[in-house]
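S.K.: Need coordinates for the following:
(one chain, ligands or ions: 1)
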Amino acid sequence: MGDQNSLPSISLPLFFLLFLLPAAQCGVTYDSKAVIINGQRRILISGSIHYPRSTPDMWEGLIQKAKDGGLDVIQTYVFWNGHEPSPGSYNFEGRYDLVRFIKTVQKVGLYVHLRIGPYICGEWNFGGFPVWLKYVSGISFRTDNEPFKNAMQGFTQKIVQMMKSESLFASQGGPIILSQIENEYGPESNALGAAGHAYVNWAAKMAVGMGTGVPWVMCKEDDAPDPMINACNGFYCDAFTPNKPYKPTMWTEAWSGWFTEFGGTVHQRPVEDLAFAVARFIQKGGSFINYYMYHGGTNFGRTAGGPFITTSYDYDAPIDEYGLIREPKYGHLKELHKAIKLCEPALVSADPTVTSFGSYAQAHVFSSESGSCAAFLANYNPNSFSRVMFNNMHYSLPPWSISILPDCRNVVFNTAKVGVQTSQMQMFPADSTSLMWETYDEEVASFDDNSLISTTGLLEQINVTRDASDYLWYITSVDVSSAEGFLQGGQLPVLTVQSAGHALHVFVNGQLSGSAYGTREDRRITYTGNINLRAGSNRIALLSVAVGLPNVGMHYELWNTGVLGPVVLHGVDEGKRDLTWQKWSYQVGLKGEAMNLNSLDGTSSVEWMKQSLTSQKQQPLTWYRAYFDAPAGDDPLALDMGSMGKGQAWINGQSIGRYWSLWAPNGDCNGCNYAGTYRSPKCQSGCGQPTQRWYHVPRSWLQPTQNLLVVFEELGGDATKISFVKKSVSGVCADVSEWHPMIKNWHIESYGQPEEHHKPKVHLRCAPGQSISAIKFASFGTPLGTCGNFEQGACHSPNSHSTLEKKCIGQQRCAVTISTDNFGGDPCPNVMKRVAVEAICSSNAQPLS
Ligand code: GAL
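M.R.: Purely as a prediction, here's the structure:
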């Protein structure tokens with residue numbers, strides 16, 4: 001009692017202040033300028049790495065690379081459907097070991113931004129929701145609906161509790177400095193009106209009520225209520241301002257590339273443009289940027305969203321799907337991060353003053369009271385250089401670029417001047433013995449009719465499968481009289497099938513008649529094909545295949561999949577026969593799936609055929625099995641599935657994902673200019689080729705010998721050509737100008753020759769265990785082109801090749817100073833020169849005899 005009596009002597013606001021202060025000192029808060037950690041405003045560079053898209057043994061290496069690349073934060077979604085595959089039964093093991101992932105980030109010394117969602121979009125199956133959630137009575141996703149809100153709160157609570165009990169929030173001394181609730185709800189909220197607004201307010205209150213002690217973010221949600229921070233996602237976010245002046249300017253998804261869909265091309269985003277976008281955001285006063293993705297990884301199993309999202313989620317990210325550094329993207333961003341960090345004192349303490357130089361160039365200057373000054377000189381013109389006078393100095397700004405001056409004088413970085421090398425990566429044959437295949441035929445609609453569900457009419461696919469399998473058989477029969485005209489030499493009848501998606505294979509009396517697919521934009525399929533019917537009873541079996549459930553779109557949980565009809569037979573004596581409303585039987589999944597043929601335990605439950613495949617036709621619906629020893633070395637591995645059609649593959653029972661050799665159209669893959677506004681169709685590759693040919697096989701899934709590889713092929717392929725490949729550096733290129741931004745700028749006249757030790761150098765570096773075996777191209781002068789297709793320009797030193805060879809052959813790495821002395825004279829005085837080199841990297845290991 002006595003203790004309590006002393007309290008009223010402190011006024012209430014002061015009491016709260018005293019209570020809050022220590023927490024703010026060691027916790028996380030924010031103000032208009034930045035997120036504040038332990039009392040300090042921070043410019044934070046973050047990158048998305050999704051834990052189930054790599055294996056636990058890769059995590060530490062990926063996070064360490066992120067740290068070396070200048071990141072402060074790792075951002076990840078939380079994957080509800082991976083964690084709660086059936087109601088109340090949880091999985092936090094293996095790739096879903098969220099606590100281990102966060103502790104790994106902590107061990108490496110970075111922070112975490114935990115995007116709980118639980119709606120996560122992310123090109124992930126069903127946007128992260130478990131499919132069972134759709135069948136909760138009375139549910140409606142992502143709106144003001146009690147069953148949904150209860151489920152969402154339950155899962156959010158579960159995750160928050162788990163983090164709290166492991167002391168993982170920064171308020172507890174852990175690495176989690178930020179969380180996220182929902183994901184890009186803005187467009188839905190606008191469309192739903194009152195219900196949407198009520199839901200946003202509820203979600204914010206629910207999240208804040210969890211008492212994590214760290215701020216919450218809602219991305220792409222302009223109405224995010226206080227204290228939620230609303231954040232921007234996009235290719236550029238410099239036009240964004242938070243909804244309240246006291247919130248920091250945050251970019252939760254700076255898209256480093258783009259995702260891929262089967263049948264599409266592969267998208268790249270030039271690093272010059274990505275760096276430009278980031279610098280633009282920072283110069284406007286942005287203080288948090290997250291690369292989506294920093295490592296994209298792999299959609300193992302059936303986790304890809306959809307439909308039609310590929311198994312590879314490489315995303316053209318700075319760390320590639322396999323965990324290898326992608327140059328020049330990684331290195332150039334690393335240099336950018338260094339430059340931004342040099343500006344941090346000025347950025348967090350001052351607002352920018354903007355000066356324009358004509359219509360295309362601007363200076364943003366952050367000049368603090370304590371005397372720090374940082375400047376960003378921008379040229380938005382995509383076509384030409386801009387020469388500006390700033391603080392009495394001349395600066396030359398390449399097109400579509402920003403120069404960063406951490407002291408308001410010296411340029412340490414320009415977004416369009418890539419100093420780091422380009423690494424060319426290639427798939428090489430892995431040292432492994434050839435695969436000896438055995439086969440097992442999956443019969444067409446093989447289950448005994450009595451064990452099948454039968455009904456009148458056509459059923460929606462996911463209602464039947466509950467996504468337990470990609471496959472659903474729709475089986476019916478058609479009786480044909482021997483008097484039918486087409487049996488007397490007339491034209492074959494035509495079958496038309498309307499399906500809501502995603503892929504369809506039509507079998508008539510056990511034979512594949514044809515296939516059809518939707519697209520991501522329009523999932524619907526109209527199949528039309530001649531069919532071979534005989535007198536008497538004919539069995540029509542439609543194999544409807546889901547290729548990832550939708551992950552985005554208004555109430556996508558209500559979108560249909562599968563054969564909903566009509567199914568009509570044309571060209572029979574009665575004209576046409578509508579099969580839609582006759583009796584249909586349903587088989588969920590394949591017989592081989594039911595027997596677990598893909599698993600170590602189940603694989604022996606059938607007799608596999610040993611005969612050589614070369615004598616065999618390429619059969620649809622075939623299981624293949626082979627045992628193999630782990631390929632030597634430690635380069636990342638992949639399976640080359642280019643000879644196969646469509647299906648799934650497993651290693652020691654673990655699914656490496658769906659494969660599909662669907663071809664990308666012949667479009668515009670002729671390179672692209674970094675300058676100008678980027679959109680995902682801009683820089684494509686892979687035109688006229690299968691979208692994905694290589695499928696990542698994590699090394700940690702292998703044992704030294706006797707590994708089980710199982711492939712299920714839907715269409716028919718040539719399994720003899722399946723092989724293991726390994727990914728490594730095949731060559732490196734550098735393209736460095738004799739005038740480097742580190743030495744003020746590129747003004748030869750006004751500054752004279754730099755000191756020898758300040759002269760720029762060409763750095764080449766092969767992977768560890770490799771050395772430079774040849775110089776494929778070298779030119780000191782005015783070379784043209786890019787890595788892989790350099791050409792000599794009007795000015796070229798004849799000594800270029802020998803100079804590079806002398807310094808580099810046989811070395812893992814080398815550096816050559818760009819000076820006329822080094823190249824035996826000046827090939828063209830008074831012209832600004834560059835050195836372009838392409839070198840071949842070879843493995844030091846002796847080839848196998
Ligand atoms: C965003 C979304 C992400 C991801 C991205 C595209 O709109 O928030 O989850 O889907 O688009 O890769």
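
S.K.: is it true that residue 251 touches residue 288?
M.R.: Yes: here residue 251 reaches residue 288: they are 6.6 Å apart, a contact under C-beta atoms under 8 Å. (C-beta placed from N, C-alpha, C; glycine too.)

S.K.: Name the residues contacting each of the two.
M.R.: residue 231 (C-beta atoms under 8 Å, 6 or more residues apart in numbering).

S.K.: Just the element for the residue of the chain found nearest the ligand, please.
M.R.: Using C-beta to the nearest ligand atom, the single residue of the chain nearest to the ligand is residue 121, 3.4 Å away. Assigned by DSSP states H and E, residue 121 belongs to no helix or strand.

S.K.: show me the contacts for it.
M.R.: Going by C-beta under 8 Å, 6+ apart, the list of residues near residue 121 reads 127-128, 183-184, 305, 551-552.

S.K.: With respect to residue 469, which of the residues you listed is nearest?
M.R.: Among these, residue 305 lies closest to residue 469 (C-beta to C-beta), at 17.1 Å.

S.K.: Return the backbone torsion pair for that closest one.
M.R.: Main-chain dihedrals, residue 305, degrees, to the nearest 10: phi -80, psi -160.

S.K.: Leaving out the residues flanking it, which one is nearest to it?
M.R.: Closest residue in space to residue 305, ignoring its immediate chain neighbours: residue 551 at 3.3 Å, by C-beta to C-beta, 6 or more residues apart in numbering.

S.K.: and if you look at residue 697?
M.R.: Going by C-beta to C-beta, 6+ apart, residue 697 has residue 637 as its nearest residue, at 4.5 Å.

S.K.: How is this structure divided into domains?
M.R.: Per the record, the chain has its domains at 44-350, 426-440+594-727, 448-588, 759-842, by the TED database.

S.K.: Point out the most buried one among these.
M.R.: A comparison of the domains of the chain by mean neighbour count, using mean count of other C-beta atoms under 10 Å, puts domain 44-350 on top with a mean of 21.

S.K.: what's the first-to-last distance across that domain?
M.R.: One end of domain 44-350 to the other measures 16 Å (C-alpha to C-alpha, to the nearest Å).

S.K.: and that domain, how far from the chain's centre?
M.R.: 12 Å (C-alpha atoms, centre = their mean, to the nearest Å).

S.K.: Let's test this: mean pLDDT of it, rounded?
M.R.: Averaged over domain 44-350, pLDDT sits at 98.

S.K.: circling back: could you double-check that the residue nearest to residue 305 sits in contact with residue 122?
M.R.: Yes: assessed by C-beta under 8 Å, residue 551 is found in contact with residue 122 at 6.6 Å.

S.K.: got any residues that touch both of these two?
M.R.: 128, 305.

S.K.: Show me which residues of the chain are close to the ligand?
M.R.: Within the chain, the positions near the ligand by C-beta under 6 Å from any ligand atom are 121-123, 183-184, 233, 253, 259.

S.K.: any chance of the residues you listed in a markdown table, plus secondary structure?
M.R.: Below are the residues of the chain next to the ligand laid out as a markdown table (DSSP: H, G, I helix; E, B strand; the rest coil):
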| residue | secondary structure |
| --- | --- |
| 121 | coil |
| 122 | coil |
| 123 | coil |
| 183 | coil |
| 184 | coil |
| 233 | strand |
| 253 | strand |
| 259 | coil |
